[in-house]
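**Student:** model this:
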Amino acid sequence: MPRVWGAAIVVTLLALAGMRADAQASQLTVSGGLNLPSPATIANYTAGYICAGTLVATVTVITPRPNDPRTDFVYVSTDGPITGGALNKLSDFEWTTNPAGCSATTGWNSLTQVKAFVVQGTGSGNGTVIVNQTIHFRLVLAWATDTGNSTLTMPNVLVTMN
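**Tutor:** Numbers count the residues shown, from 1 in each chain. Next up, the predicted model:
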């Protein structure tokens, strides 16, 4: 029986940063989507992964202060472990900013419950885009350890700033 993939993906945004009314603030927006096609194919197992999708994180200055540049940082993490009957572990979910995307051979990082640095940007001025970063996700597959006929619930993916 084919492997069944359940994808419960939540992208969480930390929208505003800044503590005082006169302080600079930035806004994080995330576009794109994540999904695990079902079921994984022989080609996926041969390649060693299944593409889970792409998110684009954009940080824009919304409350500028003249001549005072603002630096923001973008992170990726998850808020919980994998649940379900598959043998995949959390570290089997990977992300990269490599422009080659899912087929990249370098730059992959395991998704963890600890925030991992993705990118930073500095800018000032209302509406200034200081970060525009594409983040690719995949699930690593292995013939020897992944069993068919199992349900997998993917962890929530969190994209945050500062």
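
**Student:** and the strand or helix carrying G53, what does it pack onto?
**Tutor:** Using DSSP states H and E, the element containing G53 is strand 49-63. Helices and strands touching strand 49-63, as assessed by 3 or more CB pairs under 8 Å, 6 or more residues apart in numbering; DSSP states H and E, comprise strand 25-34, strand 70-78, strand 116-123, strand 129-140, strand 157-161. Backbone N, C-alpha and C define where each C-beta goes, glycine included.

**Student:** would you turn these into CSV with distance to I42?
**Tutor:** Compiled in CSV, the helices and strands packed on strand 49-63 are given as follows (distance: least, CB to CB, whole Å):
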stretch, distance to I42
strand 25-34, 23
strand 70-78, 28
strand 116-123, 32
strand 129-140, 15
strand 157-161, 27
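
**Student:** Which one of these lies nearest to Y45?
**Tutor:** strand 129-140 (10.6 Å; CB to CB).

**Student:** Run me through the strand neighbours of the closest one, direction for each.
**Tutor:** With DSSP bridges as the test, strand 129-140 is paired with strand 49-63 (antiparallel), strand 93-96 (antiparallel).

**Student:** Any chance of these in a markdown table with mean neighbour count as columns?
**Tutor:** A markdown table is the format used below for these (neighbours: other CB atoms under 10 Å):
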| stretch | mean neighbour count |
| --- | --- |
| strand 49-63 | 20 |
| strand 93-96 | 21 |
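
**Student:** which one of these lies closest to G121?
**Tutor:** strand 49-63 (6.2 Å).

**Student:** now the closest one against strand 25-34, angle please.
**Tutor:** Angle of strand 49-63 versus strand 25-34, following axes from the mean of the first three to the mean of the last three CA atoms, to 10 degrees, is 160 degrees.

**Student:** Let me know the angle separating strand 49-63 from strand 157-161.
**Tutor:** 30 degrees.

**Student:** quick one, strand 49-63 and strand 116-123 angle?
**Tutor:** Using the same axes, to 10 degrees: strand 49-63 against strand 116-123 is 30 degrees.

**Student:** Could you check how far strand 49-63 is from the centre of its chain?
**Tutor:** Using CA atoms, centre = their mean, to the nearest Å, the mean C-alpha position of strand 49-63 is found 7 Å from that of the whole chain.

**Student:** Before I go, just wanted to say thanks for your time.
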